[in-house]
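In: No letters, just coordinates:
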């Protein structure tokens, strides 16, 4: 019995990393430890600091050889510390199976990538095609990196679309389907180096973390920078633009390809953070943003051609065009506040369509993980069937159009009318089927409830 307990303790210790007794860093960060009696482990750096303090401090005059032997077991080992004082141990990561190296034969073709995206993303055909081709070309570019005669340029992308049209969701879906590291970050917190906020290098730090700190693997990954419109140049500012034009300038070298010093395991540089060097030449960057009110800039440019008289283009011609963002050009983006050097490093420019009523209904029905399917699965665990009639789909779509926040509005609407249903069903075992109608969505009726054993 005692042997089994000892074996379990040993397995439990093997399952977790050792921590330095002094600085509390795990072995994966601090390097190999020096082990002492009493389950005390000290990293090389702390041990060197201890020796230095002996040599430079008052202890240098003490002859350690004449001192009595020190019993290390008298110190409180890390495992005996009170639970409130313990640093939570990081679990050792299981060894991953060897991944098949990428070759020209096993790269997923663009039509296969798009086919996988079709299962999760409704509409946006041009955007799915563009991102599929860019990712496919990125794989090929990385694999054929040894070609000296013809060097393939990097196809960084800039995607525009109104809020809630699926920009972030599209890239997140690509992240699930591909075998290269993909980091999703936000440009909102980026500032110029030295100011409060994240440095541009923190983008690469997140990619390195996704790649398990494997620099070689991270250097062939993909980075999605969301909310890129938030770093537009501030208009009529008399102070230093540390979160706008300065950030765009800082991103130039990273987008094009350069050796960059990146903090490991941290978003900012400081004296205590280890650094490593990453080359961004093979990293594909995808930038996305809603660019609010850029429609006004596009209309202003298009209305310059307006005139008076019969068959003339009128000034209000584009006022009811919800997808006028399709007409965007680099000139419009420059007027918005993006500098020409930044746009020049994002050669692939495409837009996403605004959602209409039919697209909302398809989003509710078709994707593999559609939100209504999620609720159907939740109620199925209570052995209750959840159904929606056609009027319910249309009512939800109409309410989403009113909110003008894109697909994000669907969740808020559905949460509201599903609250009472999710609350009442677990208390009544006799309910077998619930049908949601358009009248219930509009607050004019109740859902149709059928008891078990009835047709």
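Out: Nice, I can see it. Computed from a prediction, not measured in an experiment: that's the story for all the values here.
In: could you pull out the strands for the stretch 151-300 of the chain?
Out: For the stretch 151-300 of the chain, applying DSSP state E, counting those that start in this stretch gives strands covering 157-160, 182-186, 222-226, 259-263, 275-279, 284-289.
In: Pipe those strands into a markdown table and attach distance to residue 166 and mean pLDDT per row.
Out: Every C-beta, even on glycine, is put in place using the N, C-alpha and C of the backbone. Formatted as a markdown table, those follow (distance: least, CB to CB, whole Å; pLDDT from 0 to 100):
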| stretch | distance to residue 166 | mean pLDDT |
| --- | --- | --- |
| strand 157-160 | 10 | 91 |
| strand 182-186 | 14 | 86 |
| strand 222-226 | 12 | 90 |
| strand 259-263 | 30 | 85 |
| strand 275-279 | 30 | 86 |
| strand 284-289 | 10 | 91 |
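In: Output the ones you listed as CSV; include the columns mean neighbour count and distance to residue 120.
Out: Converted to CSV, those look like this (neighbours: other CB atoms under 10 Å; distance: least, CB to CB, whole Å):
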stretch, mean neighbour count, distance to residue 120
strand 157-160, 24, 17
strand 182-186, 19, 15
strand 222-226, 24, 16
strand 259-263, 17, 31
strand 275-279, 14, 30
strand 284-289, 24, 17
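In: Mind putting these into JSON lines with distance to residue 210?
Out: Converted to JSON lines, these look like this (distance: least, CB to CB, whole Å):
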{"stretch": "strand 157-160", "distance to residue 210": "19"}
{"stretch": "strand 182-186", "distance to residue 210": "5"}
{"stretch": "strand 222-226", "distance to residue 210": "10"}
{"stretch": "strand 259-263", "distance to residue 210": "13"}
{"stretch": "strand 275-279", "distance to residue 210": "13"}
{"stretch": "strand 284-289", "distance to residue 210": "14"}
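In: Any idea which of these gets closest to residue 416?
Out: strand 222-226 (27.0 Å; CB to CB).
In: Parallel or antiparallel, list what pairs with the closest one.
Out: Counting by DSSP bridges, the strands paired with strand 222-226 are strand 182-186 (parallel), strand 284-289 (parallel).
In: just checking, residue 180 touches residue 223?
Out: No: here residue 180 does not reach residue 223: they are 10.8 Å apart, not a contact under CB atoms under 8 Å.
In: Tell me the bridge partners for residue 159.
Out: What pairs with residue 159, by the bridge criterion (DSSP bridges), is residue 288, residue 350.
In: thinking it is in contact with residue 167, fair?
Out: Yes: with contacts counted by CB under 8 Å, residue 159 reaches residue 167, the gap being 5.6 Å.
In: shared neighbours, those two?
Out: 288-289, 352 (CB atoms under 8 Å, 6 or more residues apart in numbering).
In: Out of these, the closest to residue 144 would be?
Out: Among the shared contacts of residue 159 and residue 167, residue 288 lies closest to residue 144 (CB to CB), at 27.6 Å.
In: tell me which helix or strand of this structure sits lowest on mean pLDDT?
Out: Every helix and strand in the chain was compared by mean pLDDT, DSSP states H and E; the lowest is helix 2-15, with a mean of 51.
In: centroid residue for this structure?
Out: Geometric centre of the chain, nearest residue: residue 184, 2.8 Å, by CA atoms, centre = their mean.
In: residue contacts, the nearest residue to that residue once chain neighbours are set aside?
Out: Distances taken as CB to CB, 6 or more residues apart in numbering place residue 224 nearest to residue 184, at 4.7 Å, with adjacent residues excluded. Under the criterion of CB under 8 Å, 6+ apart, the contact list for residue 224 reads 168, 171, 182-185, 286-288.
In: Can you report how many residues lie near the residue nearest to residue 40 when sequence neighbours are not counted?
Out: Closest residue to residue 40 apart from its sequence neighbours, by CB to CB, 6+ apart: residue 21 at 5.0 Å. Under the neighbour criterion other CB atoms under 10 Å, residue 21 is assigned a count of 21.
In: now do the one 5 residues further on
Out: Residue 26 has 17 neighbours, counted by other CB under 10 Å.
In: cool, and the one 4 residues further on?
Out: When neighbours are counted by other CB under 10 Å, residue 30 registers 22.
In: That one and residue 47 touch, don't they?
Out: No: Residue 30 lies out of contact with residue 47 (CB under 8 Å); the separation is 10.7 Å.
In: any idea of the pLDDT on the spatially closest residue to residue 426 that is not a sequence neighbour?
Out: Leaving aside its chain neighbours, residue 426 sits nearest to residue 382 (6.1 Å; criterion: CB to CB, 6+ apart). Looking at residue 382, its pLDDT stands at 86.
In: Doesn't residue 382 lie inside a strand?
Out: No: counting by DSSP: H, G, I helix; E, B strand; the rest coil, residue 382 is located in no strand; its state is coil.
In: What's the separation between it and residue 191?
Out: 49 Å (CB to CB, to the nearest Å).
In: and these two? which has more neighbours close in?
Out: Each of residue 382 and residue 191 has its neighbours counted (other CB under 10 Å); residue 191 has more, 18 against 13.
In: Secondary structure class of residue 387, three-state.
Out: Per three-state DSSP, the local secondary structure of residue 387 is strand.
In: for residue 445, that is, sorry about that
Out: Under three-state DSSP, residue 445 comes out as coil.
In: who touches it in this structure?
Out: With contacts defined as CB under 8 Å, 6+ apart, residue 445 is in contact with 437, 439.
In: next one: phi and psi at it?
Out: Here is the backbone geometry of residue 445 (degrees, to the nearest 10): phi -160, psi -170.
In: Tell me the confidence at it?
Out: Reported pLDDT for residue 445: 85.
In: I'm done for today, thanks for sticking with me.
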